[in-house]
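>>> how would this look folded up:
(one chain, ligands or ions: 1)
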Amino acid sequence: MQGLMMGYPLTVDRILEHANRMYPHKRVSTRLADGTLHRYTYSDLYKRVKRLASALVDLGVKQGDRVATFGWNNYQHLELYFALPGSGAVCHPLNIQLLPEQLAYVVNHAEDRIIFVDAPLLSRFEEVADELEGIEYFVLFNPFDGLETKLSGVLYYEDLMAGADEDFSWEVTDEDDAAALCYTGGTSGEPKGVLYSHRSIYLHTMGANQANAFGLRESDVVMPAVPQYHSMAWGLPYAAAFAGADIVLPGAGFDEAHLLDLILKERVTVPAAVPSVWSDVLRRLRADPTDLWHVRQLVAGGEALPSSLVEAFEQEFGTQVLQCWGMTETSPLGTVSRLSAHHADLPAQEKVKLKVSQGQAVPGVEIRIVDEKGEKLPWDGFAVGEVQVCGPWITKGYYKEERTKKHFTADGWFRTGDVASISEDGYMLISDRIKDLVRSDGEWISSVALENQLMRHPKVREAAIIAIPDEKHGERPLAVVALEPDAGSVTADVFTDHLAPHFPMLWLPDDFVLVDGIPRTVQGKFDKKELGRRHAAGELGA
Ligand code: ADP
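Numbering: from 1, shown residues only. From the prediction side, this is the model:
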């Protein structure tokens, strides 16, 4: 017997409808290039999204067409987050850090028809114009005096908007229709497309807003300082709109001075960024300490969170840190590290340990760990295996990708490529990505654990561990370290002594190479592939 409940379609337009109806006066603020703020309300956002969606249909955009965006975090980009799915199109935020050949590859692979471009970034397309196959229009927002381009098919965002219909009716019917397309960073092989549906975005939004997850509320001021091309800014703009929270968008760049300024002046309650951004903000805060009383939850995710960062924010500035784990493939929210009631009396150090674990699965997502044979492993805090996930906002296959099958198990779970243990009470601790683990004398060495400990040393700014081939041991860990500017000279013994009490002898790196900075991927994470290349080419000095 079937239930007798409504088949209410879970579509993205309904998120905006709710925001407009319930919270028309709540604010969206964007930092502009001149440092001033552009402000408007959800009601303004709603009207402009309607006009934009109508303009898209007038331009000939049809159901399922892929339309790309190329921009920083700003109100126009937010409008596109709603207008594209609302007009039946698929919103495809392009990573603005992509190299020219990667950019052309992704645009052609997605078969984008139109690209909405933050005008200061337009020149990136001039370099690859001849390689782009199906682009009919470049639509520019944030134009500036003296803007010139050789590109054809250039239109202006505000012109399109000006003549468009505010009474547009959403062109969405089926919750399973595609709504957005995000590509992975391509750290291994070509970037792969993850095609979100209206339904998956809607459910991810509800999932993210649960009290045990991001738990956004109407009284929040949310600042996504994570790029809008990175898994839809972690879904935060949708979650904020559904909750009725104010949104602060940092505009061009994630410079720590601007971010801190916005956090303070806009009384941000939930700022979100990758740990490397938070460590830059921390350095600035320490130089000029300020009270962050209004920040109720500082969200960090996307890469391992060093315990030194949690200790600094929580103990020096009284700011609670919330770590989340996820992937483009998981929309991205998979787990969140929030302490449970029974952790209340733990010593401070134990609490920090839990916070730097990736935490518990968000309700709606299932996790498990398996061994090399695919056998499920116990949740005992010791057994380590590959993390697999399933749930309504997890991908079931890459877009136009024939080699999808190897990423899934026979029973349909997604293989994340991350390696972790899970404690009895469900706290996942990632020790590495499978491809970054160091295999020495048949034993797995966790690069993340070594990096974390190295970054606790006061003279270390950043540290990455890579596996290098070794005739005797198979592989050995090599430490690549960037020192704090005032560190002076430091010898390898200092690092070895710092690591030795915490790890078996076999784990200790034989070499420590000093560099000015660790190279980063387009997602802003340590680029270990590049470090490996530099090492193999003899460019690292070890
Ligand atoms: P890419 O796979 O291209 O690097 P993603 O943003 O999808 O881009 O990266 C997802 C990966 O990032 C995860 O599989 C995991 O290895 C890493 N990651 C994400 N969040 C965390 C976290 N909180 N702690 C450790 N690693 C993380």
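>>> quick one, what contacts A241?
Applying Cβ atoms under 8 Å, 6 or more residues apart in numbering, we find A241 in contact with 15-16, 18-19, 42, 247. Placement of C-beta: from N, CA and C, glycine included.
>>> nearest to the ligand among those?
The ligand has its nearest neighbour among these in I247, at 21.5 Å by Cβ to the nearest ligand atom.
>>> doesn't that closest one belong to a helix?
No. Read with DSSP: H, G, I helix; E, B strand; the rest coil, I247 is strand and lies in no helix.
>>> related to what we said a few turns ago, among the contacts of A241, name the ones in helices.
Judged by DSSP state H, those include 15-16, 18-19, 42 as members of helices.
>>> for I445, state which of those residues is nearest.
Using Cβ to Cβ, I15 comes nearest to I445 of the ones in helices among the contacts of A241, at 44.3 Å.
>>> for that closest one, give me its contacts.
Residues 82, 201-202, 205, 238, 241-242 are the ones in contact with I15 under the rule Cβ under 8 Å, 6+ apart.
>>> what comes into contact with the lowest-mean-pLDDT helix or strand in the chain?
For the chain, using mean pLDDT, DSSP states H and E, the weakest element among its helices and strands is strand 443-445, scoring a mean of 85. Contacts made with strand 443-445 from outside it, assessed by Cβ under 8 Å, 6+ apart, are listed as 384, 419, 431-432, 437-439, 465, 477, 506-507.
>>> quick one: neighbours of the residue of the stretch 101-250 of the chain found nearest the ligand, just the number.
Of the stretch 101-250 of the chain, the residue with the smallest distance to the ligand, taken as Cβ to the nearest ligand atom, is G185 at 2.6 Å. Around G185 there are 20 other residues, counting by other Cβ atoms under 10 Å.
>>> do the same with G302
Per other Cβ under 10 Å, the neighbour tally for G302 reads 24.
>>> gap between it and F70?
Applying Cβ to Cβ, to the nearest Å, one obtains 21 Å for the distance of G302 from F70.
>>> buried subset of the contacts of I15?
Of the members of these, the ones counted as buried by neighbours, 16 or more other Cβ atoms under 10 Å, are 82, 201-202, 205, 238, 241-242.
>>> now those residues as a markdown table including distance to G391, secondary structure and pLDDT?
Formatted as a markdown table, those follow (distance: Cβ to Cβ, whole Å; DSSP: H, G, I helix; E, B strand; the rest coil; pLDDT from 0 to 100):
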| residue | distance to G391 | secondary structure | pLDDT |
| --- | --- | --- | --- |
| F82 | 24 | helix | 98 |
| I201 | 13 | helix | 98 |
| Y202 | 14 | helix | 98 |
| T205 | 14 | helix | 98 |
| Y238 | 17 | helix | 98 |
| A241 | 22 | helix | 98 |
| F242 | 19 | helix | 98 |
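>>> can you lay out the residues you listed as a markdown table showing distance to L282?
Formatted as a markdown table, these follow (distance: Cβ to Cβ, whole Å):
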| residue | distance to L282 |
| --- | --- |
| F82 | 34 |
| I201 | 32 |
| Y202 | 35 |
| T205 | 30 |
| Y238 | 28 |
| A241 | 29 |
| F242 | 31 |
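>>> tell me which element L514 falls in.
Here L514 is covered by strand 511-515, with elements defined by DSSP states H and E.
>>> could you dump the following helix or strand past that strand to PDB, C-alpha only?
The first helix or strand that comes after strand 511-515 along the chain, using DSSP H and E, is helix 528-536. Provided in PDB are the C-alpha atoms of helix 528-536 (Å, rounded to 0.1, in the frame of the first residue of the first chain):
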ATOM      1  CA  LYS A 528      51.000  16.800  -4.000                       C
ATOM      2  CA  LYS A 529      51.100  15.700  -7.600                       C
ATOM      3  CA  GLU A 530      53.100  18.900  -8.400                       C
ATOM      4  CA  LEU A 531      55.400  18.300  -5.400                       C
ATOM      5  CA  GLY A 532      56.000  14.800  -6.700                       C
ATOM      6  CA  ARG A 533      56.800  16.100 -10.100                       C
ATOM      7  CA  ARG A 534      59.200  18.700  -8.700                       C
ATOM      8  CA  HIS A 535      60.900  16.000  -6.600                       C
ATOM      9  CA  ALA A 536      61.200  13.700  -9.600                       C
END
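>>> quick one, what contacts V268?
Under the criterion of Cβ under 8 Å, 6+ apart, the contact partners of V268 comprise 221-223, 248, 262, 294-295.
>>> tell me the one of these nearest F141?
V248 (18.5 Å).
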